[in-house]
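[1] Sequence and predicted structure, then a few things I'm wondering about:
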Amino acid sequence: MGNQAGREQFGSYLAGLRKQAALSQRALAQRLCLIAGITTLTRHEVSRWERGGCIPDAWLPSLAQALGTPLDDLRHGAARARGVVEAVESPDEREPDAYVQHAVGWLLAHDNRHGGDHVADAALQVWEAERAAIAGDDKLRLAQVAEIGEVAGWLLHDAARFREARATLAEAHTLARLAGHPPLEWFILDLIAMVDVHTGAVGEALAITDEMLTGRQVRGRVALMAQVRRARGLAQAGDRTRALDALERATGALQDSIQPTDPAFTWWIDPTEVALHTGEALLSLDDPRGALPHLRQSSVASLDGGRRAFGNILAELTALVRLHAWREAEAPLLRLAPVLRTVTSSRTRARLHATMRSVELHGPAWFVELAREVSTR
């Protein structure tokens, strides 16, 4: 199929993966730019790939990362589009590492679209099996298993299983250190700080981020993540000046933060994410009015549904509810309705329930009725 028909078939395959990941062509182009550290790729090029205008060979690794898809699957599809016949292995015939990579990629893709509740146990099972199979001190193998633990820890966090998440991440961090893989080690440390911020363990979160940012050569997206996490901890501690200063530094570092050694799953730290955390920090500082422009920016950027949209739209709604801005709150509330039908994230739903309690206490009757209708769908 090394012709137009083959290219069009592969383009349709890419378009299907993009839609499964709840991304527009523009959003995918932006994500690919972040991963590759460039600013020139546009939605028009993505559209060209999907129409079969060309096969994006140079972009396949970045596409695999952006779409949560095994790179081998994309390479096989591109080869078929060029007319190269390849034997297709069944999952049982794959090497164990390839199978695990495939499984973890799909677990993350599911989380991106639907939340972590229904895949957290599957990720934990993969993690425990691979950890039990470790033999010797093969550093590459240790790093691979550490990365599986990092994914399992994140999914447990999204499922609001915070104690299990922290324990899993702590073990994964140990493996990353034994593997001699500092970027992965630091990334997992940041995720531990993330859990600490969410559970209110501010002192632990600040201790971790201070360690990462002083005396260690932490660079790239991982350093930016640590700045954001430190800002959230400082905000929870009531230190407005230092919290906003850390967020300003993170915003200024966005364009220059991508490093070739960044772990694979750091693509999501982008302007939308930093805007969200700036707004969240201001909410922690009891400043919903100051938070609103930042949360609105992150909410408006979340047009494609999925877990991320759930959290970002809900954050805007929470700020408006705290301001008792009921008419303005109607739009994000209605935007939540379709997301609630497809996304199951216990961590985010706990916040939704807290926001709905505030609506019940303070909202006018018409808004209370609308909120009940939306939240029970």
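    It's in.
[2] Which elements pack onto whichever strand or helix holds residue 72?
    Taking DSSP states H and E as the criterion, residue 72 maps to helix 71-81. Judged by 3 or more CB pairs under 8 Å, 6 or more residues apart in numbering; DSSP states H and E, helix 71-81 is in contact with helix 4-20, helix 60-67, helix 96-114. Where C-beta positions appear, they are placed from N, C-alpha and C, glycine not excepted.
[3] so the second one versus helix 71-81, what angle?
    Between helix 60-67 and helix 71-81, the angle formed by their directions is 120 degrees, by axes from the mean of the first three to the mean of the last three CA atoms, to 10 degrees.
[4] list the buried ones in stretch 187-207?
    Within stretch 187-207, the residues that count as buried by 16 or more other CB atoms under 10 Å are 187-197, 201-202, 204-206.
[5] repeat for stretch 20-34
    By 16+ other CB under 10 Å, the buried positions in stretch 20-34 come out as 20-23, 25, 27-34.
[6] now swap in stretch 126-137 and tell me
    For stretch 126-137, burial by neighbour count (16+ other CB under 10 Å) applies to 126-127, 130-131.
[7] show me the contacts for residue 143.
    175-176, 179, 181, 184 (CB atoms under 8 Å, 6 or more residues apart in numbering).
[8] Tell me how far it lies from residue 127.
    Going from residue 143 to residue 127 by CB to CB, to the nearest Å gives 14 Å.
[9] closest to residue 362 out of the helices and strands packed on helix 71-81?
    Closest of the helices and strands packed on helix 71-81 to residue 362 is helix 96-114, at 31.5 Å (criterion: CB to CB).
[10] mean confidence score for stretch 194-214?
    Stretch 194-214 comes out with an average pLDDT of 94.
[11] same thing with stretch 105-115?
    Mean per-residue pLDDT for stretch 105-115: 84.
[12] Begin at 859, not 1, for the rest of this chat.
    Understood, numbering begins at 859; the last thing we discussed is stretch 963-973.
[13] starting at the chain centroid, how far to it?
    With CA atoms, centre = their mean, to the nearest Å as the basis, stretch 963-973 stands 10 Å off its chain's centre.
[14] can you check stretch 1133-1151 too?
    Using CA atoms, centre = their mean, the offset of stretch 1133-1151 from its chain centre is 20 Å.
[15] Pull the residues that contact that stretch.
    For stretch 1133-1151, contacts defined as CB under 8 Å, 6+ apart pick out 1086, 1089-1090, 1092-1094, 1096, 1098, 1101-1102, 1105, 1108-1109, 1152-1153, 1155-1156, 1159, 1169-1170, 1173-1174, 1176-1178, 1180-1181.
[16] How about stretch 983-994?
    By CB under 8 Å, 6+ apart, the residues outside stretch 983-994 that reach it are 954, 958, 961-962, 965, 999-1000, 1002-1003, 1006-1007, 1009-1010, 1026, 1029-1030, 1033.
[17] Inside helices: which ones of the residues you listed?
    954, 958, 961-962, 965, 999-1000, 1002-1003, 1006-1007, 1009-1010, 1026, 1029-1030, 1033 (DSSP state H).
[18] Identify the residue spatially nearest to residue 1089, adjacent ones excluded.
    Counting by CB to CB, 6 or more residues apart in numbering, residue 1089 lies nearest to residue 1104, which is 3.8 Å off, once chain neighbours are set aside.
[19] From the buried residues of stretch 1045-1065, which land in helices?
    Per DSSP H, these map to helices at 1045-1055, 1060, 1062-1064.
[20] so where's the stretch 859-1008 of the chain uncertain?
    Residues of the stretch 859-1008 of the chain meeting the criterion pLDDT under 70: 859-861, 894-897, 942-959.
[21] could you redo the last one with a cut-off of 90?
    859-871, 873-903, 905-906, 908-972, 991-999, 1001-1002, 1005 (pLDDT under 90).
[22] one step back: what subset of the contacts of stretch 983-994 is buried?
    By 16+ other CB under 10 Å, the contacts of stretch 983-994 give 958, 961-962, 965, 999-1000, 1002-1003, 1006-1007, 1009-1010, 1026, 1029-1030, 1033 as buried.
[23] hmm, which two among the buried residues of stretch 878-892 are most spread apart?
    The span of these, defined through CB to CB, is set by 878 and 891 at 20.7 Å.
[24] How about stretch 1221-1231, which residues are buried there?
    For stretch 1221-1231, by 16+ other CB under 10 Å, it's 1221, 1225-1226, 1228-1229.
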